[in-house]
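Chemist: I would like to see how this sequence folds:
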Amino acid sequence: MPTTCLINFENNAQKIVFSGQKLHITVRLKLREEIKVRGIYIHLRGTAHVRFFINGYYTADEDVLDLRKCLVDGNGENQVLPVGTYDYSFTCTLPLDIPSSFSGSYGHIKYTANVVLRIPLWPDKKFEEKFFVFKPVNLNDFPAIRGPVSERKAQTLRHSGEICVSAHLPSGGYAHGQSIYVQVSVNNTTHYPVYHFAVYILRQTMYLKSTNSEQGKTEYTVVQKRICGSWICGKQQYKTFPIVSIKVPPMIPPTDTESSRIIKIGYVVSIKGTARDFRESQRVAVSLSLPITIGTIPFYGTATENHPRRTLLSAPPIALATAIHPTEPPQLESSAPVFPDDDTVSVRTYTSTPPPFPDDDAGLPTYQEALLMDQEIDINLQSIEDSFAELCVKSTNR
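Modeler: All right, here's what the predicted structure looks like:
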């Protein structure tokens, strides 16, 4: 039997690829003893899988990528492979509509390259290598989100007035690595100060019960956080705070509510503060959220400006975000070997057999975990969920 099987993506040691990219893959098989095979195959597979419990246990699966190629064909007969090293090549182009790799608490989107040896009278011998896919999202394809985004939300205290929070973003779309400039104003008519402000970028992931369902579970994950410790709005006071920036992390899946039928990914910028109602002996959460689109290619014409221009706080400018060149798939060097084009066919099917559930988390805390770590702020989760329920799709927690 073979001792090793190496699956390499040419000039791409990290195995990070883009939807629509042309891939060149080599397979090196080393045999210590002679074997008989009916065939050797390579299979690029992408699966979306969800599992969660809401008044019952639900699982759903979706095949988002299925590319196959025969490397060795025995034509129905056994073929003998002597001891030695065997190199095979495989060339294909990924479909444009496959989703980005993703891993969450209730599901994942995972891609693997598999080499299968068909051994006569024995189970197939399989080798697997993971790779990671990013779907390019060009913000210029969504002109409606280029303009500014504003939101206003009031919180009424039982024995006092209300706290109204207003927030403004210069745009509704941002690319990886860009800064989001946030302006917040508070009109506090109560007798209690508002403090402990923080700005979050939250990922909203919806896991659906099946490929034709709008019901499922929603998860909120903190992907970036900035504590605004100097923000305090006293009682009976109106205050506009200085503009703050929060940067979009570079390696998060972009917004995508179309590519997968069971996993939908969206983002919001959330502003949260706290007021203490001494008559009720409890802290009251004040929060609002603004939907944003995260992409990989920024709006054309954005300029680099490390310190955005500041004007009157009552009329914040549309800040100029850091320019990022459109993301291009890695290019092969001119010295790379030339591979022939293969007539492979992309097949998109839907199954009910769940693949193994991953244990490789993204390393970021969930929304609930972030709240537990912040012992000074007792945020009302239900108020956040009410705001999020209007975003992306009609799915809600049930």
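Chemist: only C-alpha atoms for contact and neighbour calcs from this point on.
Modeler: Noted.
Chemist: where does the residue nearest in space to the middle of the chain land in three-state SS?
Modeler: Most central in the chain under Cα atoms, centre = their mean is residue 253, positioned 2.6 Å from the mean C-alpha point. With DSSP: H, G, I helix; E, B strand; the rest coil as the basis, residue 253 sits in coil.
Chemist: quick one: secondary structure of the closest residue to it other than its chain neighbours?
Modeler: Ranked by Cα to Cα, 6 or more residues apart in numbering and with sequence neighbours excluded, the top spatial neighbour of residue 253 is residue 100, at 5.9 Å. Per three-state DSSP, the secondary structure class of residue 100 is coil.
Chemist: And residue 100, its phi and psi?
Modeler: Phi and psi for residue 100, reported as degrees, to the nearest 10, are phi -70, psi 150.
Chemist: Show me how the record splits this protein into domains.
Modeler: 2-134, 139-326+365-388 (automatic domain parsing).
Chemist: what does the average pLDDT come to for the longest one?
Modeler: When pLDDT is averaged along domain 139-326+365-388, the result is 79.
Chemist: for the first one, same thing?
Modeler: Here domain 2-134 scores 93 as its mean pLDDT.
Chemist: ok now it, how far from the chain's centre?
Modeler: From the chain centre to the centre of domain 2-134 is a distance of 23 Å (Cα atoms, centre = their mean, to the nearest Å).
Chemist: What ranges does the stretch 51-200 of the chain have for its strands?
Modeler: Taking DSSP state E, counting those that start in this stretch to define them, one finds strands in the stretch 51-200 of the chain at 57-73, 79-81, 84-93, 102-103, 107-118, 125-134, 149-156, 162-169, 173-175, 179-188, 194-208.
Chemist: Can you lay out those as JSON lines showing mean neighbour count?
Modeler: JSON lines is the format used below for the strands of the stretch 51-200 of the chain (neighbours: other Cα atoms under 10 Å):
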{"stretch": "strand 57-73", "mean neighbour count": "19"}
{"stretch": "strand 79-81", "mean neighbour count": "14"}
{"stretch": "strand 84-93", "mean neighbour count": "16"}
{"stretch": "strand 102-103", "mean neighbour count": "20"}
{"stretch": "strand 107-118", "mean neighbour count": "21"}
{"stretch": "strand 125-134", "mean neighbour count": "16"}
{"stretch": "strand 149-156", "mean neighbour count": "16"}
{"stretch": "strand 162-169", "mean neighbour count": "21"}
{"stretch": "strand 173-175", "mean neighbour count": "27"}
{"stretch": "strand 179-188", "mean neighbour count": "22"}
{"stretch": "strand 194-208", "mean neighbour count": "23"}
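Chemist: what's the closest of those strands to residue 23?
Modeler: Closest to residue 23 of the strands of the stretch 51-200 of the chain, according to Cα to Cα: strand 84-93, at 5.4 Å.
Chemist: No more questions from me, cheers.
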